[in-house]
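> from the sequence below, what's the structure:
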Amino acid sequence: MKKNLITIKEFIDKSIGEWKSIRSSHTLAFQEFENTNSSLIISYQNIKSEEVSEIKNRFKFSQNASFAVKISWKSISEWTTENKSQESITLLIFAPKDEFTGILIKDRGYAEQIPSYSRYYIDESRTFNIYSEYNATISEEKIWFLTENVRSRYSVIKNKINKGILQTSHATEIRKIIT
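Below is the predicted model:
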């Protein structure tokens, strides 16, 4: 069955580019709903760059990291009446165990905005799965391609103590095609 799998490197290669993301988040505890529109730029970061070295040192990470990715984003949320814009950059450092699984170090987590690491794997349906444990929460993310230029992303954030679901979200990401 492994012949149908996509490697992590192939998945990331397919993800490089500029994307428009339309995300819907449901915060179950407060019964709140949020729509967010974002622009994402996913690019490779030099594995020997100062930023990558700093993150590896912060984690005292000695494993060989094979590549790093920078995700720059700018978003507008309907959460507040002001519709304020936010922007940031996140660095992801990949240390594969094999072509389909490994450790992912992040300078900023998804569920909690702290440096974190995750386990990842590509499954039989060619979905990139990311499992992260933070101080108070656990996040599980799934990202897959619907077509070459459309990705789907699903995430769930759980309370670490009782595993209660705090938030779910779904995003559709559409690649900006330059003609």
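
> now do the longest strand seen in the chain: distance to the chain's middle.
Longest strand of the chain, by residue count under DSSP state E: strand 32-45. Computed by C-alpha atoms, centre = their mean, to the nearest Å, the chain-centroid distance of strand 32-45 equals 10 Å.

> that strand pairs with which strands, and in what direction?
strand 17-27 (antiparallel), strand 67-77 (antiparallel) (DSSP bridges).

> out of the ones you listed, which comes closest to Thr172?
Checking the strands paired with strand 32-45 against Thr172 by C-beta to C-beta gives strand 17-27 as the closest, at 5.2 Å. All C-beta spots, glycine's among them, are computed from the backbone N, C-alpha and C.

> go through the closest one and flag the buried ones.
Trp19, Ser21, Arg23, Ser25, His26 (16 or more other C-beta atoms under 10 Å).

> determine which two of those are furthest apart.
Pairwise distances across those (C-beta to C-beta) peak at 21.9 Å, for the pair Trp19 and His26.

> please produce TSV containing the strands paired with strand 32-45, extended by mean pLDDT and distance to Phe100.
Shown next, in TSV, are the strands paired with strand 32-45 (pLDDT from 0 to 100; distance: least, C-beta to C-beta, whole Å):
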stretch	mean pLDDT	distance to Phe100
strand 17-27	94	22
strand 67-77	90	15
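
> so which of these is nearest Ser152?
Ser152 lies closest to strand 17-27 among the strands paired with strand 32-45, at 10.6 Å (C-beta to C-beta).

> and the closest one, how far out from the chain's middle?
Mean-position distance between strand 17-27 and its chain equals 11 Å (C-alpha atoms, centre = their mean).
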